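Asks: Output the structure for:
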Amino acid sequence: MAKEVIYSANAPDPIGPYSQAIKVGNMLFISGQIAIQKPSGDLVTGNIVDESQVVMKNLAEVLKAGGMDFSNVVKTTIFLKDMNNFPKVNEVYGSYFDSQPPARETVEVSRLPKDVNVEISCIAVK
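Replies: Below is the predicted model:
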């Protein structure tokens with residue numbers, strides 16, 4: 001199967017040598033998104049709730065560019081700088097999944113790109 005690069009002008013441009021997402025067949029693999037706002041490029045890090053909302057909005061935009069939405073998401077990974085933020089991130093994250101939430105792991109890490117507090121990646125299937 002051929003792989004297709006998926007790009008959304010409404011989500012942050014990659015900050016390294018990777019694509020926002022790759023579509024292979026009916027599967028969409030979305031790279032980790034952080035809280036960079038489009039089109040300003042501003043980074044949101046002062047409040048974990050606001051930061052998480054921007055991350056989820058960025059994921060939504062890439063999903064949309066791939067012809068999908070959160071109902072198509074089957075797997076996510078959440079990277080947190082501080083696991084004490086888990087309840088607040090989980091509340092924002094959970095608001096995007098009405099039913100049948102995807103499989104997921106949440107991992108505390110020592111550092112994330114641009115020193116953000118949360119990064120989320122996902123896999124979706126149509």
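
Asks: all contacts plus neighbour counts: C-alpha atoms, from now on.
Replies: Noted.

Asks: hey, where'd the strands end up in this structure?
Replies: 3-6, 21-24, 27-33, 73-80, 103-108, 118-125 (DSSP state E).

Asks: What average pLDDT does the third one get?
Replies: For strand 27-33, the per-residue pLDDT values average out at 98.

Asks: could I have stretch 52-62 exported to PDB, CA atoms only?
Replies: Only the C-alpha atoms of stretch 52-62 are listed here, as PDB (Å, rounded to 0.1, in the frame of the first residue of the first chain):
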ATOM      1  CA  SER A  52      -4.600  20.400  26.500                       C
ATOM      2  CA  GLN A  53      -7.500  22.100  24.600                       C
ATOM      3  CA  VAL A  54      -5.100  23.500  21.900                       C
ATOM      4  CA  VAL A  55      -3.500  20.000  21.600                       C
ATOM      5  CA  MET A  56      -6.900  18.400  21.000                       C
ATOM      6  CA  LYS A  57      -7.900  21.100  18.500                       C
ATOM      7  CA  ASN A  58      -4.700  20.400  16.600                       C
ATOM      8  CA  LEU A  59      -5.400  16.700  16.500                       C
ATOM      9  CA  ALA A  60      -8.900  17.500  15.300                       C
ATOM     10  CA  GLU A  61      -7.600  19.600  12.400                       C
ATOM     11  CA  VAL A  62      -5.200  16.800  11.300                       C
END
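
Asks: What residues sit buried inside that stretch?
Replies: Residues of stretch 52-62 classed as buried by neighbour count (16 or more other CA atoms under 10 Å): 52, 53, 54, 55, 56, 57, 58, 59, 60, 61, 62.

Asks: Can you check which helix is longest in the chain?
Replies: helix 48-65 (DSSP state H).

Asks: Show me which of the buried residues of stretch 52-62 is closest to residue 69.
Replies: residue 60 (6.4 Å; CA to CA).

Asks: Quick check: end-to-end length of stretch 37-51?
Replies: 10 Å (CA to CA, to the nearest Å).

Asks: got a list of contacts for that stretch?
Replies: With contact meaning CA atoms under 8 Å, 6 or more residues apart in numbering, stretch 37-51 is reached by 10-12, 34-36, 54, 85, 88-89, 92, 116-118.
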